[in-house]
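Colleague: This is a predicted model, with the sequence first.
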Amino acid sequence: MAHVVDVAHVVDIIPGNGHAPNLIPQFSMEEEDHNCDADEEVTVHKRSLAAPYVRLCREVMRHSESTVPGDAFSEWTMQLHTRGLGNDVCVCGKKHIVELNSLENRVNSQVLYPVGSSCVKYFSEELVEEWKAMRSTFMRERAARIKALRLGFGKYASKTYEEVGEQDPFYAQWLMSLSKFATNPANDTYHPDNTEIHRLLQKGIDASTKKKSKCMLILDK
């Protein structure tokens with residue numbers, strides 16, 4: 001018999017409430033191969049909403065020791081949080097995820113990777129808290145690293161991007177026009193740090209503009 005997921009309830013728990021929901025299709029590990037290998041054997045209304053969640057459940061059950069869905073979701077802990085180029089695919093099938101999480105099963109040492117941040121929220125409250133802390137640390141360290149980056153080429157090679165924007169706004173504007181620093185993920189040269197580099201260049205440009213405006217006010221007096 002096909003398993004049915006009540007999508008009205010699935011909507012209630014998306015994007016997640018920090019604990020493993022009770023809406024996981026109720027199948028055991030023995031039943032899985034027989035009942036859940038083909039999409040047509042899992043009846044899901046509004047498939048575009050529920051299908052990724054069902055696929056996530058399958059992957060969790062395949063790599064967990066417990067055959068009880070709620071317990072299976074509780075077996076996992078955070079291992080790593082990082083960022084990609086936007087061309088990775090979550091274990092649930094969602095494409096173009098940027099935040100990449102690696103989860104480890106504390107019972108059998110199995111690993112799920114990559115898991116998108118939306119799917120992380122379906123796991124236990126403890127895992128969600130671990131994810132928040134790990135993500136916060138990663139973003140803070142990343143921001144500090146990017147802010148300290150030097151331009152690395154040209155006449156301002158020893159300057160940070162923020163300093164370049166402040167000292168030579170025209171040069172900074174030119175840098176922002178280069179595909180090397182494209183902020184569009186669809187661009188072949190895109191890198192996750194490019195958006196932050198743009199922000200730092202613009203911050204320097206804005207600071208330079210304010211300085212000039214202040215100088216003009218003083219001169220006018």
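Modeller: Received, thanks.
Colleague: For Ala143, which non-adjacent residue is closest in space?
Modeller: Nearest residue to Ala143, sequence neighbours excluded (C-beta to C-beta, 6 or more residues apart in numbering): Glu196, at 7.1 Å. Quick note: C-beta positions are derived from backbone N, CA and C, even for glycine.
Colleague: in what helix or strand does the one you found lie?
Modeller: Following DSSP states H and E, the helix or strand that holds Glu196 is helix 194-220.
Colleague: Could you tell me the model confidence score at Cys215?
Modeller: As predicted, Cys215 sits at a pLDDT of 65.
Colleague: Shouldn't Asn101 be within a strand?
Modeller: Yes. Note on Asn101: a strand contains this position according to DSSP: H, G, I helix; E, B strand; the rest coil.
Colleague: count of residues packed around it?
Modeller: Counted with other C-beta atoms under 10 Å, the neighbours of Asn101 add up to 26.
Colleague: Now do the contacts for it.
Modeller: 78, 80-81, 113-117, 120, 131 (C-beta atoms under 8 Å, 6 or more residues apart in numbering).
Colleague: Give me the pLDDT value at the nearest residue to Ile146 once chain neighbours are set aside.
Modeller: Closest residue to Ile146 apart from its sequence neighbours, by C-beta to C-beta, 6+ apart: Glu196 at 4.7 Å. For Glu196, the pLDDT comes out at 91.
Colleague: Okay, now the unreliable bits of this protein?
Modeller: 1-49, 214-221 (pLDDT under 70).
Colleague: which residues of it fall in helices?
Modeller: Assigned by DSSP state H, the chain shows helices spanning 7-13, 29-35, 47-62, 69-73, 117-120, 125-147, 161-167, 169-177, 194-220.
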